[in-house]
Structures are given as structure tokens and as C-alpha cells.
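>>> any chance you can model this:
(2 chains)
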Amino acid sequence: NAGVTQTPKFQVLKTGQSMTLQCAQDMNHNSMYWYRQDPGMGLRLIYYSASEGTTDKGEVPNGYNVSRLNKREFSLRLESAAPSQTSVYFCASSEREGYLNTEAFFGQGTRLTVV
Amino acid sequence: ELKVEQNPLFLSMQEGKNYTIYCNYSTTSDRLYWYRQDPGKSLESLFVLLSNGAVKQEGRLMASLDTKARLSTLHITAAVHDLSATYFCAVHTSGTYKYIFGTGTRLKVLA
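Alright, predicted model coming up:
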């Protein structure tokens, strides 16, 4: 079972370049998330999508945009990469149970370095 | 704003010993989750705690939830090397559809 698939796994960008991180899930989940993980900071929520057609800002949205392309796919775009965006990025998905969610399932992560 | 704090941040322990990781959160939460992350890997779900007084156990790990104290604990019994990993708690509040994570506890079990 694929679960949550992220591409690419590794990426090096130059400051000012743009790129899109792709995420797809095959579990028919309604909710999808983008987190970044930095040493000593835990996981911080960038954006999330509670359902197809909706997106909301998380704790650290500045410098990022997202698109919920369909129920399966949720992409994260860096328009003008900065060294502060060097991080490991995780996509996750979960199912909704009324006003609550089940546990989140995570992709393998994208290690991004901005030089 | 919901904040989640874990302590300790780092924990080095001998095999066979017991220890507890604490997760405090700042506002009312409806569900609490524990995850494990091995170095360079993704996060794996360990426990989902749904209500006050909930207790779940899997092998040498036991998680509990006290919603009145806004506290969850992850207790490790007779630690073994294979438990070395980073453990995260995360909280979730009804209607928000998002998870807020703690900073993580890096556990190292020494032989």
C-alpha cells in the first residue's frame, strides 16, 4: 500500500528559485497537511486542507502557497526560496469523523536545502 | 493559541529502566496522539487517546490522558535499545481539523 507519497525526496535550490512539492494519498482521506520539521522545533503546520476545495493557514504559512488539486493531491509551492526554508517537509493525511480527525498518516518527507 | 510542550527534550537511559515522557497542552483538546520517528524516517502513529482517563498499552509503552490537567504521559517500562527514537505528542481540537505537535523527546537507550 502506497499511503502518502511525496516527491521529490531530496532537493537543493538556489535562493530565489521556485519549486513545488507534490503529495498524493490513496486512502481516500478528506484532510491533508503540510508540516516542516526543524531541529529542536518539532513539526510546525504550514497549511492544511480540511476537505477538497478548502485550504487554511497553519502556524508558519509565510513564503508558501498550497493547492488542493483534488481529493488525492495537495501541493506546496515555494515561490522564491530562502535559506530559512531549508527544512524537512512532511505531507500527511487523515480521515474526518464528524468534527474530529483520526490519526494522521505521514509521507516519507522531502529534504530541502536552499543555498 | 494552542501550545504543546514536551519534557524532557532529551532522554538517555539504561536498558531495563523505566521512565516517563510528559506532554502538556495549553487549551482544551479533544484527542491526543503519540507518534514515533526513527532518525531520517517518517512519523509512525503509536496511540490515539480519545477521552479523559484513556490508557493504551503496546508492548513496553503505555500512554495515558488526563484532560483536566491537560497532560498526557508516555511511560516506558524496562527500556530496550529498539525503543531509541524521537517521540512526539500532538493534540487536536474539534472543528479545527489540524494537529499541533510538541517539540519531541529524543530517547536514547543505552545497552
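>>> next SSE after the helix or strand hosting A:R77?
Here A:R77 is covered by strand A:74-78, with elements defined by DSSP states H and E. Using DSSP H and E, the helix or strand that follows strand A:74-78 towards the C-terminus is strand A:87-94.
>>> chain A contacts on chain B?
B:4, B:6, B:9, B:30-31, B:33, B:41-45, B:48, B:88, B:90, B:92, B:94-95, B:97-104 (C-beta under 8 Å from any C-beta of the partner chain). C-betas here are computed from N, CA, C, even on glycine.
>>> among those, which ones are buried?
B:4, B:6, B:30-31, B:33, B:42-43, B:45, B:48, B:88, B:90, B:92, B:97-104 (16 or more other C-beta atoms under 10 Å in any protein chain shown).
>>> quick one: secondary structure of the most centrally placed residue in chain A?
Chain A has A:W34 as the residue nearest its centroid, 2.5 Å off, counting by C-alpha atoms, centre = their mean. Assigned with DSSP: H, G, I helix; E, B strand; the rest coil, A:W34 falls in the strand class.
>>> contact partners for it?
Neighbouring residues of A:W34 by C-beta atoms under 8 Å, 6 or more residues apart in numbering or on different chains: A:21, A:23, A:45-48, A:58, A:64, A:66, A:74, A:76, A:89-91.
>>> just B:A85 next, same as before
B:R36, B:Q37, B:D38, B:P39, B:L107.
>>> what's the neighbour count on the third one?
By other C-beta atoms under 10 Å in any protein chain shown, 12 other residues sit near B:D38.
>>> please report how far the closest residue to it other than its chain neighbours lies from B:V109.
Once flanking residues are discounted, B:D38 sits nearest to B:A85: 5.1 Å by C-beta to C-beta, 6 or more residues apart in numbering or on different chains. As judged by C-beta to C-beta, to the nearest Å, B:A85 and B:V109 stand 9 Å apart.
>>> now do B:W34
Applying C-beta to C-beta to B:W34 and B:V109 gives a distance of 17 Å.
>>> so for the two, which sits in the more crowded spot?
Each of B:W34 and B:V109 has its neighbours counted (other C-beta under 10 Å); B:W34 has more, 26 against 20.
>>> pretty sure the more buried one contacts B:M62?
No - taking C-beta atoms under 8 Å as the definition, B:W34 is not a contact partner of B:M62, at 10.3 Å.
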